[in-house]
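Enquirer: what's the 3D shape of this:
(2 chains)
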Amino acid sequence: MNGPILRKRLSNQAVKVWIVTEITATIFVLLVVGVVLWASLHLDWPLWIRWSFFFFAVFPIFLLPWSMYRPFLLYRNWRYDVSVEFLRLKRGALKEVHDLIPMSKVQHVRMEQGPLLKKYGLCTIKVQTISSSHEIPMLPKDIAVQLKERIAFHARIVEESE
Amino acid sequence: MKRQNPLVLLFEFLKLMKSGVFFIFLLFILRGGDDSAFFEYGRYVFVTAFSLSMLMTLMQWVTHKYSLEEGALEWQKGVFAKKNETLYSRSIKHVNRHTSFLHTCFGVTSIELATELDSEEDIIFRVLTLEEADRIESFVKSNEFINSNKIKESIYKTGVESELMVNFRAGIKDILKASFVSFSFLLFIPFTLSIISKLNDWDRQVLDYLLNHEFSWGQLILFALVVLIGSTVLGIVKTYSKYGNYEITTDQFYIYISNGVSHKSSLSIPKFKVQGIEVTQSISKRITRTAKVNLMVTGASPSEVESYQLFPFLPLNRIHTLIPELLPQYRIAWPQTRLPKRGGLSRIVHPLWLGGVFTVGLFLWEPVPYGIMQPWWVYSMLFFFVVVLAKWISFWRTRYSFDTEILQLRTGILHNYTVMMESGKITEMQMTRNLLQKYLRLGTIQSKNRSMKPKVLKDLTIEESRKIYHWYERHHVYSDN
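Expert: Residues are numbered from 1 along each chain as shown, chains lettered A, B, ... in the order given. Below you'll find the model as predicted:
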């Protein structure tokens, strides 16, 4: 869907970090399910509970190839750009989404960094507008700081020129 | 960047003491000498919890910092994960200054900044010196945006009286139509039922006699006529009491709606707060060629949808001229453009997987609803038929149009729903397409608006969706609210 061509991409470490996140989450889920499964085997719980937990244990493993492939798709399709007037986002492989957000409607910019992202020096930018909120994930910290300041700057410029 | 006033620590400590006073009294005074395990460990738990929360408060105080620069409040918080926030003064709704007895003792005060964003919590400065509080308040008031609105509002209220114009006055014809459309003539059914339920025994004997007595046709028709006329009159009176003297008037800045016969009420809506217009036609209104018009207006908070109904039974051809009289920028014709044929294909094919799931379910369970024996595939066929028909109608009836300032969408299967939005009031535009739409060269447009649910237009050609996207790009001009 040829909207305007957006050039800026996420950090090239994004794929790696997403995969690490996925693996960590999967391991965590497997651990929890494993403990419960063990308990259900030793504590004589009803059969259907055993089966459903078994299903929960197998499910994330089946899902794993998809969650390994998904980061590549995400990274390949994520684009964003900032101009004086607009913040533009483009994302999604299966469902392509273009967002057009006027700077004048931006109310709030926020930079967030969880522990995992901190390890890789990445940040997430969250933009709140009058009607909804948007997220640009996996940005290198220096770029994120710049972006946050640019958005803040342009959001204010519009206000002052009114 | 600076920290909050250190007195916050004292205030938090006292607050904690206040909420813990019951436990302190119980654990250390009332049962202070009790060595039973419950109270023994209770004391340990209490002391641990108490010191932990004090430590948390201390760490929060160390890590939370803020700074005020022109038009923006920078806010740093988070003990473990650092968060950096910027809040602009234009998104602050109001300032609440609260000074408790304790505050007065120390010559300080507290301030609450209520933000317009519903996702964000309000910012509270628990302890502030009076100078700092003044500084924060003037930061909010320095906001030109709010000031300009305030000035405008004061002009609205006291300024030059522009002439009142009567735009619509509900006449006898409108009242009659209204009473017909609202089916008020069917009122006699609950009315008769309530009379019957109130009859006592003696009356019941009369009723029995009436029921067993054989009436002639003439008598029956006469009776029916009396009931019908009576209830029609009743309905008209009821509608009149509700919508009699209904009047829509305007001046330069406001729209006024007043009505009521014995109990009068009136309402004024600032024009610049109107975000969009919704015109809804139910089936009965489609028959009588009337419609309900709602003005969508921003309320006290943006999440609050306030919609003001103009007269609910406006004649369709009158709406056409009435809307631009109230709001001149909406000088428009009904939307005309239809979706492309392949849009219908996309719309019908897309929900079919649901039909697939439904069919598989039927195949496995073979339900027998209401004891009606039918092979399972009959229901499946029925389901597909209903879905396809509904989707086809919704495709067939969809219309849209966009010109210099107004975007219009019309949807609805049985009813008719038209929404009109001004480009400047649209807050965001989104263009999407799924795999099927990609293949068929179609797109979906979603516009977000401050006081309405997002409005979605599915399955228009990719070229047209791109046009709307660019239309918004050109016409997103900043306007108040």
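Enquirer: can you tell me the helix or strand for residue A:5?
Expert: Assigning secondary structure by DSSP states H and E places residue A:5 outside every helix and strand.
Enquirer: Report the contact partners of the nearest residue to residue B:440 once chain neighbours are set aside.
Expert: Spatial nearest neighbour of residue B:440, excluding adjacent residues (Cβ to Cβ, 6 or more residues apart in numbering or on different chains): residue B:342 at 4.8 Å. (Each C-beta comes from the backbone N, C-alpha and C, glycine too.) Residue B:342 makes contacts with B:440, B:441, B:442, as judged by Cβ atoms under 8 Å, 6 or more residues apart in numbering or on different chains.
Enquirer: Would you quantify the distance from residue B:342 to chain A?
Expert: 16 Å (Cβ to the nearest Cβ, to the nearest Å).
Enquirer: Look up phi and psi at that residue.
Expert: Backbone geometry at residue B:342, expressed as degrees, to the nearest 10, gives phi -70, psi -20.
Enquirer: that older thread, if you rank the contacts of residue B:342 by neighbours, which is first?
Expert: residue B:442 (24 neighbours; other Cβ atoms under 10 Å in any protein chain shown).
Enquirer: residues in contact with that one?
Expert: So residue B:442 contacts B:340, B:342, B:343, B:346, B:433, B:459, B:460, B:461, B:462, B:465 (Cβ under 8 Å, 6+ apart).
Enquirer: packing partners for the helix ranked longest in chain A?
Expert: Identified as the longest helix of chain A according to DSSP state H is helix A:47-77. Here helix A:47-77 touches helix A:14-42, strand A:86-91, going by 3 or more Cβ pairs under 8 Å, 6 or more residues apart in numbering or on different chains; DSSP states H and E.
Enquirer: about what we covered before: same list, the contacts of residue B:442, but as CSV with secondary structure and pLDDT please.
Expert: Shown next, in CSV, are the contacts of residue B:442 (DSSP: H, G, I helix; E, B strand; the rest coil; pLDDT from 0 to 100):
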residue, secondary structure, pLDDT
B:340, coil, 94
B:342, helix, 92
B:343, helix, 91
B:346, helix, 90
B:433, strand, 92
B:459, strand, 92
B:460, strand, 93
B:461, strand, 94
B:462, helix, 93
B:465, helix, 94
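Enquirer: Between those, which sits nearest chain A?
Expert: For the contacts of residue B:442, the residue nearest chain A by Cβ to the nearest Cβ is residue B:433; the value is 5.2 Å.
Enquirer: one step back: now do the longest helix of chain A: distance to the chain's middle.
Expert: 18 Å (Cα atoms, centre = their mean, to the nearest Å).
Enquirer: Go through that helix and flag the buried ones.
Expert: Residues A:53, A:57, A:60, A:67, A:70, A:71, A:74, A:75 are the ones in helix A:47-77 that count as buried (16 or more other Cβ atoms under 10 Å in any protein chain shown).
Enquirer: okay, the angle between it and helix A:14-42?
Expert: Relative orientation of helix A:47-77 versus helix A:14-42 (axes from the mean of the first three to the mean of the last three Cα atoms, to 10 degrees): 180 degrees.
Enquirer: Tell me which residues are up against whatever helix or strand comes next after helix A:47-77.
Expert: Per DSSP H and E, the first helix or strand lying C-terminal to helix A:47-77 is strand A:79-82. With contacts defined as Cβ under 8 Å, 6+ apart, strand A:79-82 is touched by A:4, A:6-9, A:87-91, A:136, A:147, A:150-151, A:154.
Enquirer: List the buried residues for strand A:79-82?
Expert: So for strand A:79-82, counting by 16+ other Cβ under 10 Å, buried means A:79, A:80, A:82.
Enquirer: likewise stretch B:337-351?
Expert: Here stretch B:337-351 shows B:339, B:340, B:343, B:344, B:346, B:347, B:348 as buried, counting by 16+ other Cβ under 10 Å.
Enquirer: if we can go back for a sec, farthest-apart pair in the buried residues of helix A:47-77, please.
Expert: Farthest pair in these (Cβ to Cβ) is A:53 and A:75. Separation: 33.9 Å.
Enquirer: about what we covered before: ok, the buried residues of stretch B:337-351 vs residue B:290, which is closest?
Expert: residue B:339 (26.8 Å).
Enquirer: Low-confidence bits of the stretch 301-450 of chain B, can you list those?
Expert: Residue ranges of the stretch 301-450 of chain B with pLDDT under 70: B:301-306, B:368-373.
Enquirer: This completes my enquiry, with thanks.
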